[in-house]
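In: fold the following for me, if possible:
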Amino acid sequence: MNGGVNGVALAVFIFFFVAVTVMGFLAARWRAAENANNLDEWGLGGRSFGTWITWFLLGGDLYTAYTFVAVPAAIYATGAAGFFAVPYTILVYPLIFTFLPRLWSVSHKHGYVTTSDFVRGRFGSKGLSLAVAITGILATMPYIALQLVGIQAVLDVMGVGGGENTNWFIKDLPLLIAFGVLAAYTYSSGLRAPALIAFVKDTLIYIVIAVAIIYIPIKLGGFDDIFSAANDKFTKAGAGGLAPAAEGQWAYGTLALGSALALFMYPHSITATLSSRSREVIRRNTTILPLYSLMLGLLALLGFMAIAAGVTVENGQLAIPQLFEDMFPDWFTGVAFAAIGIGALVPAAIMSIAAANLFTRNIYKDFLRPNATAEEETKVSKLVSLLVKVGALIFVLGMDKTVAINFQLLGGIWILQTFPALVGGLFTRWFHRWALLAGWAVGMVYGTWKAYDTPSGTQKHFGNTADVPGIGEIGYIGLTAFVLNVVVTVVLTLVLRAVKAPDGVDETSSADYKADAGDPGVQTDLPPATAGAPGGH
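Out: Predicted coordinates:
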């Protein structure tokens, strides 16, 4: 890592950052409604996005700066085991093809803004809805923090902010400025801002990866030399070469499967989905989103290139930014860093909006202000989106970066425990609401305890793979917790149905799950505060 500021790269980075900042504020006027004071407009972009806008928005939402930095960093550190992110993004799209259109339809019919809205309406349980909302907020917070970590990694490699001995304010000032800009245009423009910026972000990322996958191997002597250098490193380290050892195969497979099940449980994934204008937009997107998986596979190879290029960093998260710094001309290094930086702003904005919507609809309105107007909901959501980002910023500035990563991994374990209530509820009303709540609690407690009791690569706690009870293999803790969750839910449902426990009121009908925009009775013109009847306790 060089000791000075890369002026050319910094200038290019600032150019793109200013451009997307302007776009972020202008987005408030993009497809603006006459009355923007409701969550349909601020939090879901008016539910008006077509196929390509949704595709860019979901891509900007799911393929983040953390993805750009962490996936190849995992390859750099562990070898081919880090490729688990590629099969899980392949698995996830057939999965979501089966349930996302149903979720869109019932949400559009009843004006649901969050997954917790649906759970409350389907099972007539504010308690279960609250559990889903709290889980979503807790899982999202460290994810936002990691986007700021991605920006900070780029700034560190560019030499911005000074060294470790620099005054903390000067050192963190660039990150504070980026945070302030993000907070301002998210507050002003809502979901329209990341939707518009996502076009720039994804275009830059595709350009950078296309250039990197051709240019860097030419400079390093070709892929034969790259794979040979990586194989030598892992062989000398006792890892047996590029491929994971036999004992790691269960961990690889369960981590991929569990991650696929969890990805669209995150609130920001659902927020981007519900912003679409029709269920057909969702169906088309599940067929073209795998293009991002192709990009991710190429991106992962950068980890091997960093090894072949002799990149040496104390923090593995800096490996890819440092590779770009070493290999690209300064001006294109600025383009690559801008791709990572903007790749942090888009998902961070969507995540903060999603977390704010959960708090507003399923905590504030359900428990504190049942008579809150649509305008009041919007104001509260805007303020909470700021608080969420402030919390993430404090997390990044005040804690070790590895802690943020470990908490994000823990968030993946947590969010997976909402799968039975959300996806199960989209296909059947058989599960009992109390059983779902008990299953969620068991999965959360087991997953948290087991993760805390398992060492990670950098700390004594918060690993994500451990012994699977009764099998004797190492597997993903989140998937084990999910299986326990399902078993408890099924057994307790049988018991509760046998004793005829109160089942709650289902405000949905079977036709709601196939409804489309323009169908009779679909409430596309009502703010979510008035759409649908409130669920019972």
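
In: low-confidence ranges, the stretch 251-400 of the chain, go.
Out: For the stretch 251-400 of the chain, the stretches flagged by pLDDT under 70 are 399-400.

In: and the strands in it, which stretches?
Out: With DSSP state E, counting those that start in this stretch as the definition, the stretch 251-400 of the chain shows no strands.

In: helices of that one, start to end?
Out: 267-274, 279-288, 290-300, 302-308, 319-327, 330-359, 374-398 (DSSP state H, counting those that start in this stretch).

In: can you give me the strands in the stretch 401-537 of the chain?
Out: According to DSSP E, counting those that start in this stretch, the strands that the stretch 401-537 of the chain contains are 465-467, 474-476.

In: turn those into JSON lines, columns for distance to residue 114.
Out: C-betas here are computed from N, CA, C, even on glycine. Output for the strands of the stretch 401-537 of the chain, formatted as JSON lines (distance: least, CB to CB, whole Å):
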{"stretch": "strand 465-467", "distance to residue 114": "31"}
{"stretch": "strand 474-476", "distance to residue 114": "26"}
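
In: dump the ones you listed into JSON lines; add mean pLDDT as well.
Out: Formatted as JSON lines, these follow (pLDDT from 0 to 100):
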{"stretch": "strand 465-467", "mean pLDDT": "92"}
{"stretch": "strand 474-476", "mean pLDDT": "94"}
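
In: can you tell me which of those is most buried?
Out: strand 474-476 (a mean of 24; mean count of other CB atoms under 10 Å).

In: how much space between residue 60 and residue 299?
Out: 15 Å (CB to CB, to the nearest Å).

In: ok, now residue 39?
Out: 34 Å.

In: go on, residue 232?
Out: 23 Å.

In: ok, now residue 452?
Out: 31 Å.

In: what do you get for residue 453?
Out: For residue 453, the distance to residue 299 - CB to CB - is 33 Å.

In: re the thing from before, neighbour count: residue 452 and residue 299, which is higher?
Out: residue 299 (25 against 13; other CB atoms under 10 Å).

In: ok, that one touching residue 73?
Out: No: between residue 299 and residue 73 there is no contact under CB atoms under 8 Å: 10.8 Å.

In: just for the protein, where's the confidence low?
Out: 1-3, 33-34, 161-171, 239-241, 399-402, 404, 458, 519-537.

In: and if we set it to 80?
Out: Residues of the chain meeting the criterion pLDDT under 80: 1-4, 28, 31-36, 65-66, 160-175, 237-247, 315-316, 395-407, 456-459, 517-537.

In: show me the residue sitting in the middle of it in space.
Out: In the chain, the centroid-proximal residue (CA atoms, centre = their mean) is residue 62; its distance is 5.3 Å.

In: so who does it touch?
Out: Residues near residue 62 by CB atoms under 8 Å, 6 or more residues apart in numbering: 89, 263, 269, 292, 347.

In: now do residue 260
Out: 88-89, 91-92, 95.

In: run the last query once more with 7 Å
Out: 88, 91-92, 95 (CB atoms under 7 Å, 6 or more residues apart in numbering).

In: got the phi/psi numbers for residue 49?
Out: Main-chain dihedrals, residue 49, degrees, to the nearest 10: phi -80, psi 140.
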